[in-house]
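Student: only geometry, no sequence info:
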Ligand SMILES: Cc1ncc(C[n+]2csc(CCOP(=O)(O)OP(=O)(O)O)c2C)c(N)n1
Ligand SMILES: [Mg+2]
């Protein structure tokens, strides 16, 4: 496989008008053209300007990544598309909520691990916990994996929010 | 300037007038009645053409747009009116045709309730429009309509939909004129990057085997682009070929013209594309009908690509010098730089290149076996061209062999004279498109080169042509087969002609008469010219049943999955298709 065909993962940020249907346009573009979505998050970032920021983690060959950016940029309500993975690795954070049902030694062990990962307990009953954890996606993956055998019964993740390093805005 | 106390329906008509709309193609229904009422009551200069099916309205608007360079406008009702428009919208999106399509919608309070004739029109049309809007507030309506015209026509043109609930048409809102509307986000780039243009000029000037490969973007850019293309060709002496969509931008009678390229393109055009060392792609998009097998596509060339749509660049073929911009703007700069640098083509290399090209031309790839007993379809097009070339003629087509023969044998000299469904390949396009063209140019000769199968898909628009005194000519190459399907079945499926015979055909002459039009039939090559002349002279709609050879195939042909230099001519046909190619469409 040549370098240009190798599959890469990129995090792309798009600033869009916060209007009805804009998310459907983006998702429709990805499904219609067969692109991958590994994670997608969206929220309004400027209430006055009515703009939202969409962060998409996607993968494909270099040519496909270029296409994805050009196709996104072509959507009418899109202000700007920035590939955050172009030069440096962007700052990426995700929030996860994990629910465990556990007692005895497993319960103690889960608290110890949570402490090591700097996860917080946000709900507890006599036989359950809900942990909240923020971090890079890999860290969250690792935490989920470790919690699995300790009685993990439910997971909710926000998907990736990302921003570039340094002094420049989007 | 804002005007208050005006209803949504009034706003619609007012905005269309202010946009300079002269013709609307439409079909009424419950959810657009307030707008139809406004058309009835208000004093305005918009002509409404009542079609017989909403698909026909959209194709008519496409024909109108392609011939005039102005956006086509359509008005249809909610639900089935909107869903019937979907094929036309997709067609216009694929071929970059500017359309503004207004759809009625159920009242806002009923949206989402499965109301009578409710459809999620913005949902359904999202992937087949450049953009669409659902207008829930009458105060937004004028702005959205003006924005819609802007989006449809600027950058790479395309169709847009405005979905207007019935209560919004009744409600009072405020009107703003087109001058007050600026788009927040959509600002396509028209000027090309000058450094890239300079690089392109250097590459073009150094070429030994150049080819200029043009497409529909030249037409969309406007008449100036075609003139600039001609100037560039004159300055350089380089050969020019074109996609199906770009025919007419460069005159077919010019000695530098190689003919169309691609699946049914000429031997010389495709070989020049394969062998060239510098390819200047102007407003074309490396479609699979053009490139053939991608990994074998023009393997040794430096590729320059001018396109207004950045997403067309490096989509199918990786290019060396991409230039994002409008064709006319970029060509103008390119010619200016060429002149400023006092570039001269390499004369000896060019002479040798033309010598090589002449060798390919000598294959006479469009040759066909003439006949005295049966009309050959190619001959019919050649005669149609010969007998109409001195007139003010516009050609539309349906989809199939007849379309390819029209592209090969009708010699287009000017842009905007050729309307065909390229990207989507929509059977049923040509007849309504002819209606649209004739509405724009009532005194011109408008001919739909048709197949007997395609034309039955939108045949009912004959009634529209009769109603509005549109003297369109439907020139049917009647081979009693879905000929293009039959050809593939012959070449790729062992001659098993599964459901491709046009059985139970109507008597087209009687059908014409039933519509109040004129029917003519020709089956004898000796009387063909007289019959065509008769057709041209009749100032009414004509259905011309041209009975042709039933089994003629369209060559040359690059089989799916083959490379440009693996093109087949008629006698080589059977053996040359790879198994992988059979799975491609
Ligand atoms: C709406 C639609 N359905 C099916 C096709 C597939 N198709 C392509 S060409 C063709 C046959 C066209 O037959 P006819 O109009 O008689 O033209 P001919 O090829 O015989 O000249 C068909 C069925 C299509 N292009 N469009
Ligand atoms: Mg046929």
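Tutor: Happy to help now that I have it. Just so we're clear, the structure is a prediction, and the values are computed from it rather than from any experiment. Numbers count the residues shown, from 1 in each chain, chains lettered A, B, ... in the order given. Ligands and ions are numbered 1, 2, ... in the order given.

Student: every contact and neighbour count from this point should use C-alpha atoms.
Tutor: Will do.

Student: need the contact list for residue A:106.
Tutor: If you count contacts by CA atoms under 8 Å, 6 or more residues apart in numbering or on different chains, residue A:106 has them with A:150, A:151.

Student: for it, which three-state class applies?
Tutor: Following DSSP: H, G, I helix; E, B strand; the rest coil, residue A:106 is assigned to helix.

Student: the closest residue to ligand 1 within chain A - nearest residue in space that isn't next to it in sequence?
Tutor: Closest to ligand 1 within chain A is residue A:32: 20.7 Å, counting by CA to the nearest ligand atom. Leaving aside its sequence neighbours, residue A:32 sits nearest to residue B:127 (CA to CA, 6 or more residues apart in numbering or on different chains; 7.9 Å).

Student: neighbours around the residue of chain A closest to ligand 1, how many?
Tutor: Using other CA atoms under 10 Å in any protein chain shown, residue A:32 is surrounded by 10 other residues.

Student: and what of residue A:92?
Tutor: Using other CA under 10 Å, residue A:92 is surrounded by 17 other residues.

Student: so what pLDDT did it get?
Tutor: What the model reports as pLDDT for residue A:92 is 96.

Student: residue A:165 is in contact with that one, correct?
Tutor: No - Residue A:92 lies out of contact with residue A:165 (CA atoms under 8 Å); the separation is 10.1 Å.

Student: tell me which helix or strand in chain B has the weakest average pLDDT.
Tutor: helix B:579-582 (a mean of 56; mean pLDDT, DSSP states H and E).

Student: residue ranges in chain A under the pLDDT threshold?
Tutor: Within chain A, the stretches with pLDDT under 70 are A:1-4.

Student: which residue ranges of it form helices?
Tutor: A:22-32, A:62-74, A:105-117, A:137-147 (DSSP state H).

Student: among these, show me which one is buried the most.
Tutor: Looking across the helices of chain A with neighbours counted as mean count of other CA atoms under 10 Å in any protein chain shown, the highest average goes to helix A:62-74: a mean of 20.

Student: now what about it, what contacts it?
Tutor: Defining contact as CA under 8 Å, 6+ apart, one finds that helix A:62-74 is touched by A:4-8, A:10, A:12, A:14, A:26, A:29, A:35, A:59, A:78-83, B:309-311, B:314-315.

Student: at 7 Å instead, please
Tutor: A:4, A:5, A:80, A:81, B:310, B:311, B:315 (CA atoms under 7 Å, 6 or more residues apart in numbering or on different chains).

Student: same question for stretch B:202-214.
Tutor: Residues outside stretch B:202-214 that contact it (CA under 7 Å, 6+ apart) are B:238-243, B:246, B:272-273, B:276-284, B:343-346, B:349-350, B:353.

Student: how about it: buried residues?
Tutor: Buried residues in stretch B:202-214, counting neighbours by 16 or more other CA atoms under 10 Å in any protein chain shown, are found at B:203, B:204, B:205, B:206, B:207, B:208, B:209, B:210, B:211, B:212, B:213, B:214.

Student: same thing with stretch A:159-170?
Tutor: A:159, A:160, A:161, A:162, A:163, A:164.

Student: make a markdown table out of the residues you listed and add distance to residue B:194.
Tutor: Converted to a markdown table, these look like this (distance: CA to CA, whole Å):
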| residue | distance to residue B:194 |
| --- | --- |
| A:159 | 41 |
| A:160 | 39 |
| A:161 | 37 |
| A:162 | 34 |
| A:163 | 32 |
| A:164 | 30 |
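
Student: show me what from the stretch 151-300 of chain B comes close to chain A.
Tutor: Proximity of the stretch 151-300 of chain B to chain A, by CA under 7 Å from any CA of the partner chain, involves residues B:185, B:186.

Student: still on that earlier bit, among the contacts of stretch B:202-214, which lie within strands?
Tutor: B:240, B:241, B:242, B:278, B:279, B:280, B:281, B:282 (DSSP state E).

Student: which one of those sits closest to ligand 2?
Tutor: Closest approach between the ones in strands among the contacts of stretch B:202-214 and ligand 2, by CA to the ion: residue B:242, at 25.4 Å.

Student: distance of that closest one relative to residue B:274?
Tutor: Using CA to CA, to the nearest Å, residue B:242 is found at 14 Å from residue B:274.

Student: who has more neighbours out of the two?
Tutor: Shown here are residue B:242 and residue B:274; by other CA under 10 Å, residue B:242 has more neighbours (29 against 21).

Student: flag every residue of chain B that's near chain A.
Tutor: Counting by CA under 7 Å from any CA, the residues of chain B close to chain A are B:131, B:185, B:186, B:310, B:311, B:315.

Student: now, those residues that are in strands?
Tutor: Going by DSSP E, the strands hold residue B:131 from the residues of chain B next to chain A.

Student: secondary structure element holding residue B:339?
Tutor: Counting by DSSP states H and E, the element that carries residue B:339 is helix B:327-340.

Student: what's around residue 151, how many residues?
Tutor: Went with chain A since none was named. Residue A:151 has 17 nearby residues by other CA under 10 Å.

Student: my bad, the chain I had in mind was chain B
Tutor: 26.

Student: what's the helix or strand for it?
Tutor: Using DSSP H and E, residue B:151 falls within helix B:138-153.

Student: from the contact counts, what lies against that helix?
Tutor: Under the contact criterion of 3 or more CA pairs under 7 Å, 6 or more residues apart in numbering or on different chains; DSSP states H and E, helix B:138-153 touches helix B:8-18, strand B:99-105, strand B:159-165, strand B:172-176.

Student: let's see that with 6 Å instead.
Tutor: strand B:172-176 (3 or more CA pairs under 6 Å, 6 or more residues apart in numbering or on different chains; DSSP states H and E).

Student: what's the strand it packs on in contact with?
Tutor: With contacts defined as CA atoms under 6 Å, 6 or more residues apart in numbering or on different chains, strand B:172-176 is touched by B:2, B:3, B:4, B:5, B:6, B:7, B:138, B:139, B:142.

Student: find the nearest non-adjacent residue to the fourth one, please.
Tutor: Spatial nearest neighbour of residue B:5, chain neighbours left out: residue B:172 (5.4 Å); criterion: CA to CA, 6+ apart.

Student: coming back round to it: in TSV, list the contacts of strand B:172-176 along with neighbour count and distance to ligand 2.
Tutor: Formatted as TSV, these follow (neighbours: other CA atoms under 10 Å in any protein chain shown; distance: CA to the ion, whole Å):
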residue	neighbour count	distance to ligand 2
B:2	8	55
B:3	11	55
B:4	11	56
B:5	10	55
B:6	17	52
B:7	22	49
B:138	25	49
B:139	21	51
B:142	26	46
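
Student: let me know the average pLDDT across the helix holding residue B:151.
Tutor: Mean predicted confidence for helix B:138-153 is 97.

Student: before we move on, what about stretch B:441-456?
Tutor: Mean pLDDT, computed over stretch B:441-456, is 98.
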